[in-house]
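A.B. asks: Sequence unavailable; structure follows:
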Ligand SMILES: Cc1cc2nc3c(=O)[nH]c(=O)nc-3n(C[C@H](O)[C@H](O)[C@H](O)COP(=O)(O)OP(=O)(O)OC[C@H]3O[C@@H](n4cnc5c(N)ncnc54)[C@H](O)[C@@H]3O)c2cc1C
């Protein structure tokens, strides 16, 4: 187990460039986006133009080739600025491009991955259904064979980017009786395919810039070139993408924690009560210390997990069983702790702000609403604990 980690000078330069870009292009639109609840199309376009929708994708496939560490650097910085933009990038990159990069044929990479990585097309990932959330292998959307083609029918819900995506990586049951083990397949479904429509878009507590859409599939016909990975192996495709997603989600949480702590630190040093800045009171100092400690620990955890994923590469057939198990346990661990620590840190930052923290439109109030979902999506934290516990019982510590 490699424990040492340092950023290269190129990675530090990338972080600095990203930070400047986000301050210029994203920070100014966030408050209004949160109010209007509109997809931030202009800032998303700017990020796409910079190549930020293909950071971990190799250059030969249209990306920046900066690996998972580079991708987490970006999401950490983005998390400091806005969570909605983070989910838009994450749904596209972690959950959309990963399945294509890891399981796509050369032709699928040319047709779907390269335009997505170059920022010309937006991707989404659709696993959840009304009857299938945590039990994600119990897929009810069916894909029936018709000759060498497939006809997909069903309803998907809660699809991030679902309203805007050009292509959806969609999980459907080719053999419902077999369930997750052999009965589920990943498909590439393009917007505009007859029978495919976007249904209801949810109103949410937070993440107001990110769409969360229902997708309706009514005998959507696709050819064999739309099957991603092997028929019956769609659950592996989905879980591999989620391992990447969970670490990148943690990177965004790390950014959110830093922004909240920075706000709280500044506020505490400037807010005077009982004749002293509140930062002089030990109760406030201890809150700030706890926040900083969680950030410190999480930074190591996120980049350790990202570096492992970079070392393992993007060919799942090259991984041995132990590598898979360690990667999955680590992803679940990092996601679970990151999301809970983010909620705790942001809650304490809000508390330090007193009444002001509860006022609509302050960054800390928005962060509080945005952060809560990270304990739920990409697998609830109960499910992350099940993943860790099962591996612990099977392999020990
Ligand atoms: C804003 C948002 C964006 C999303 N984006 C996407 C997306 O892009 N693509 C996608 O496919 N999905 C997406 N989702 C769906 C998300 O991943 C699911 O909501 C999540 O996995 C939980 O499923 P569920 O809501 O059906 O809850 P349920 O599975 O019904 O869970 C309800 C409760 O029961 C608990 N529970 C369930 N089973 C167990 C068990 N065995 N042991 C202990 N506790 C258990 C859960 O932890 C939870 O607390 C999104 C959801 C939201 C809200």
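C.D. replies: Yep, that arrived. Treat the numbers as computed from the prediction; the structure is a model and nothing was measured.
A.B. asks: going forward, measure contacts between C-alpha atoms and count neighbours the same way
C.D. replies: OK.
A.B. asks: Quick check, central residue of the chain?
C.D. replies: For the chain, the residue sitting closest to the mean C-alpha position, by Cα atoms, centre = their mean, is residue 90 at 3.7 Å.
A.B. asks: does stretch 235-252 come close to the ligand?
C.D. replies: No - residues of stretch 235-252 are not located near the ligand by Cα under 6 Å from any ligand atom, the shortest gap being 9.0 Å.
A.B. asks: mind listing what's buried in that stretch?
C.D. replies: 235-252 (16 or more other Cα atoms under 10 Å).
A.B. asks: same check, this time on stretch 300-319
C.D. replies: Buried residues in stretch 300-319, counting neighbours by 16+ other Cα under 10 Å, are found at 301-310, 312, 314.
A.B. asks: For residue 253, which residues are in contact?
C.D. replies: Residue 253 makes contact with 76, 79, 338-339, 342, 371, 374, according to Cα atoms under 8 Å, 6 or more residues apart in numbering.
A.B. asks: Go again with 7 Å.
C.D. replies: By Cα atoms under 7 Å, 6 or more residues apart in numbering, the residues touching residue 253 are 79, 338-339, 342.
A.B. asks: Out of those, which is nearest to the ligand?
C.D. replies: The ligand lies nearest to residue 339 out of the contacts of residue 253, by Cα to the nearest ligand atom, at 13.6 Å.
A.B. asks: ranges for the strands of the stretch 101-250 of the chain?
C.D. replies: 123-126, 142-146, 149-160, 167-173, 184-190, 196-201, 212-222, 227-228 (DSSP state E, counting those that start in this stretch).
A.B. asks: got it, and the stretch 251-397 of the chain?
C.D. replies: Under DSSP E, counting those that start in this stretch, the stretch 251-397 of the chain gives strands at 272-273, 276-277.
A.B. asks: Need these in a markdown table (columns: mean pLDDT).
C.D. replies: A markdown table is the format used below for the strands of the stretch 251-397 of the chain (pLDDT from 0 to 100):
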| stretch | mean pLDDT |
| --- | --- |
| strand 272-273 | 98 |
| strand 276-277 | 98 |
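A.B. asks: and the ones you listed as a markdown table, adding mean neighbour count?
C.D. replies: As requested, the strands of the stretch 251-397 of the chain are exported to a markdown table (neighbours: other Cα atoms under 10 Å):
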| stretch | mean neighbour count |
| --- | --- |
| strand 272-273 | 12 |
| strand 276-277 | 13 |
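A.B. asks: sorry, back to before: okay, the strands of the stretch 101-250 of the chain, which one's buried deepest?
C.D. replies: Most buried of the strands of the stretch 101-250 of the chain, by mean neighbour count (mean count of other Cα atoms under 10 Å): strand 123-126, with a mean of 28.
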